[in-house]
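Trainee: Next one to model:
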Amino acid sequence: MPAYWIAHVEVTDPEAYGKYAELAGPAIAKHGGKFLARAGRYVQFEGNDRARNVVVEFPSVEAAETCYHSPEYSEARAHAEGASIRDLMVVEGV
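Mentor: Alright, predicted model coming up:
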C-alpha cells in the first residue's frame, strides 16, 4: 500500500536548508520516494501556515520509515535542524 510523506516547513536559514534539499532528494529517491508536490503554489484553509509544503509518495509506510532513519537522510536532516521549523509525517494511502 503506498504511503505519503507530508512535510510543512518554514525555512529560517535558506543556505543551510539548501544543503538539506541537495542531499535529501537522492536519499528519498534511493528508498523509492517520488515527489508529488514540492514547494509549489498552495492555499491555506486551516491550521498553521508554512510556506514550503512537500508530498512524497513511497511504496509503503515501512519504506518511508526506512528512508527517514537511513544514514543518507540522517545526513541531510542534520542540515535542516536549526535551519527550519518542520512538521513531518507519513500517512498510509488507501
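Trainee: Spell out the residue ranges of the helices in the protein.
Mentor: Taking DSSP state H, the helices of the chain run over residues 14-30, 61-69, 71-80.
Trainee: residue contacts, the most centrally placed residue in the chain?
Mentor: Nearest to the mean C-alpha position of the chain, by CA atoms, centre = their mean, lies Ala7 at 4.9 Å. Taking CB atoms under 8 Å, 6 or more residues apart in numbering, we find Ala7 in contact with 52-55, 86-88. In short, each C-beta sits where N, CA and C put it, glycine included.
Trainee: want to throw those into TSV with pLDDT and distance to Ala80?
Mentor: TSV is the format used below for those (pLDDT from 0 to 100; distance: CB to CB, whole Å):
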residue	pLDDT	distance to Ala80
Arg52	93	11
Asn53	95	15
Val54	96	11
Val55	98	17
Arg86	95	7
Asp87	95	12
Leu88	96	9
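Trainee: Dump these to JSON lines, plus neighbour count and distance to Pro2.
Mentor: Below are these laid out as JSON lines (neighbours: other CB atoms under 10 Å; distance: CB to CB, whole Å):
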{"residue": "Arg52", "neighbour count": "17", "distance to Pro2": "22"}
{"residue": "Asn53", "neighbour count": "18", "distance to Pro2": "18"}
{"residue": "Val54", "neighbour count": "20", "distance to Pro2": "16"}
{"residue": "Val55", "neighbour count": "15", "distance to Pro2": "11"}
{"residue": "Arg86", "neighbour count": "18", "distance to Pro2": "22"}
{"residue": "Asp87", "neighbour count": "13", "distance to Pro2": "20"}
{"residue": "Leu88", "neighbour count": "13", "distance to Pro2": "17"}
